[in-house]
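> need a 3D model of the sequence below.
(2 chains)
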Amino acid sequence: MAPAADVRRRIIRDAVAVALAVAAYGVSFGAIAVNSGFSVPQASVLSAFAFTGASQFTLVGILGAGGTAASAVSVSLLLAARNSLYAVAVTPLMRWRGLRRLLGAHFTIDETTAMAVARPDPQEARLAFWATGFALWTLWNLSTLAGALAGSGLGNPEKWGLDVAFPAAFVALLAPQLRGRRAVATALAAVVVTLVLVPSMPYGVPVLAAAATVVPAALWRARR
Amino acid sequence: MAGAPVSWLPIAAVVVGCYALKLAGTLLPERLVRDQRVALMATLIPVALIASLIALQTITVGHGFRIDARLAGVGVAAVAVICRAPFIVVVLGAALTAAVIRAL
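As a prediction, the model looks like this:
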């Protein structure tokens, strides 16, 4: 049975709310990209066709700081690999084929996955996914463009605190996932590993190392 | 501002790579994820990645550390999240905090 009208309205309203909030750091991305040497079309292409915030900020950050293209691309793609995990999680729910699969894959990111898996009912989950996907894609691109156009006029994005928007948003995204001791321990271990390696390792390696520590931790005493 | 304009090549690589990764995930057989250990890793790797990124963006600069307005902003974000504030309040509150501290 299709979800009731009031449930549908609530799902759509939540999707738009998430999209509006994400727009707050879409502006940040556009402005920071332009101030890091990217052109407005380049920032826009990233938001429209990569469409995954952490990778976009990382690419811009590493290249803007003078890092090599190789390290920028590899860290960005490693971060994007979590979207593969999200895709594995939502594909059974979405039951998509053909063009819907091709479009749905593009939309599979942190927020759309979180919105979909939070719904108990599969039809609600599908509505949540698509509503969030379309709303987010639209607002992410509009806000990137606005930030990029205003960017050079804004001066240093740090003056407006825009550089903090991204870690702040990720605190909000991380919090619901910190359920249980294992998740909290993982997060703490990741922070420690990262900070220990930053002084000595090239940009990006501490992040990879933090992710790699999950493997032994997950295998240790985990049931088959 | 960075010196030379950025080449389109890394941008194209990221665009293609990101989509390939997403699409690949939709094609993996579900039985691969039935193994509890794989499922556990699938849950925990994003946690580790995001926590690591937050740490990097908050208190590091290049190969060193710096405690500045960013930590205050992220701290405000954490408090806002604990108080179950809406997403946009979390983000704007953090940005505003950092901007105000830097302006002082």
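
> output the contacting helices and strands for the longest helix seen in chain A.
With secondary structure taken from DSSP state H, chain A has its longest helix at helix A:122-154. Judged by 3 or more CB pairs under 8 Å, 6 or more residues apart in numbering or on different chains; DSSP states H and E, helix A:122-154 is in contact with helix A:5-35, helix A:40-45, helix A:69-94, helix A:98-107, helix A:110-117. To be clear about C-beta, it is placed using only N, CA and C from the backbone, and glycine gets the same treatment.

> can I get the ones you listed in CSV including mean pLDDT, mean neighbour count and distance to chain B?
Below are the helices and strands packed on helix A:122-154 laid out as CSV (pLDDT from 0 to 100; neighbours: other CB atoms under 10 Å in any protein chain shown; distance: least, CB to the nearest CB, whole Å):
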stretch, mean pLDDT, mean neighbour count, distance to chain B
helix A:5-35, 89, 21, 4
helix A:40-45, 96, 19, 6
helix A:69-94, 87, 22, 3
helix A:98-107, 96, 16, 4
helix A:110-117, 88, 22, 8
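
> from chain B, which residue is nearest to chain A?
Using CB to the nearest CB, the single residue of chain B nearest to chain A is residue B:25, 2.6 Å away.

> end to end on stretch A:167-180, go ahead and measure it.
Stretch A:167-180 stretches 22 Å from its first residue to its last (CA to CA, to the nearest Å).

> same thing with stretch B:62-74?
Length of stretch B:62-74, first residue to last, CA to CA: 19 Å.

> how much space between the nearest residue to residue A:40 once chain neighbours are set aside and residue A:30?
Spatially, and ignoring its direct neighbours in sequence, residue A:40 is nearest to residue A:148 (4.4 Å; CB to CB, 6 or more residues apart in numbering or on different chains). As judged by CB to CB, to the nearest Å, residue A:148 and residue A:30 stand 4 Å apart.

> what does the helix or strand harbouring residue B:19 contact?
Using DSSP states H and E, residue B:19 sits in helix B:8-27. Taking contacts as CB atoms under 8 Å, 6 or more residues apart in numbering or on different chains, the residues outside helix B:8-27 that touch it are A:42, A:45-46, A:49-52, A:55-56, A:59, A:63, A:69, A:72-73, A:76-77, A:80-81, A:83-88, A:91, A:96, A:101-102, A:104-106, A:108.

> how far off centre is it?
Distance, stretch centre to chain centre, for helix B:8-27: 18 Å (CA atoms, centre = their mean, to the nearest Å).

> what's the angle between it and helix A:69-94?
Using axes from the mean of the first three to the mean of the last three CA atoms, to 10 degrees, the direction of helix B:8-27 lies 30 degrees away from that of helix A:69-94.

> what residues sit buried inside helix B:8-27?
By neighbour count on 16 or more other CB atoms under 10 Å in any protein chain shown, the buried set for helix B:8-27 is B:10-11, B:13-15, B:17-19, B:21-23, B:25-26.

> who are the contact partners of the residue nearest the centre of chain A?
Note on chain A: the residue nearest the mean C-alpha position is residue A:53, at 4.2 Å, using CA atoms, centre = their mean. Residue A:53 is in contact with A:22, A:25, A:29, A:109-110, A:140, A:166, A:169, counting by CB under 8 Å, 6+ apart.

> then residue B:64?
Going by CB under 8 Å, 6+ apart, residue B:64 touches A:198-199.

> could you redo the last one with a cut-off of 6 Å?
Shown in contact with residue B:64 (CB atoms under 6 Å, 6 or more residues apart in numbering or on different chains): no residues.

> so what's it bridging to?
Note on residue B:64: beta-bridge partners by DSSP bridges are residue B:61.

> need the residues that contact the helix or strand of chain B with the lowest mean pLDDT.
The weakest-scoring helix or strand in chain B, judged by mean pLDDT, DSSP states H and E, is helix B:36-59 (a mean of 84). Residues from elsewhere that reach helix B:36-59, judged by CB under 6 Å, 6+ apart: A:82, A:85, A:167, A:170, A:174, A:177, A:183, A:186-187, A:190-191, A:194-195, A:207, A:210-211, A:214, A:218-219, A:222-223, B:33, B:65, B:70-71, B:74.

> for it, buried residues please.
Across helix B:36-59, burial judged by 16+ other CB under 10 Å covers B:39-59.

> the residue lying farthest from the centre of chain B in helix, strand or coil?
Centroid-distance maximum for chain B: residue B:31 at 29.3 Å, with CA atoms, centre = their mean. Secondary structure state of residue B:31, per DSSP: H, G, I helix; E, B strand; the rest coil, is helix.

> wait, residue A:141 sits on residue A:46?
No - contact criterion CB atoms under 6 Å: residue A:141 and residue A:46 do not qualify, at 10.0 Å.

> who has more neighbours out of those two?
Under the criterion of other CB atoms under 10 Å in any protein chain shown, the comparison of residue A:141 against residue A:46 puts residue A:46 first, with 26 against 19.
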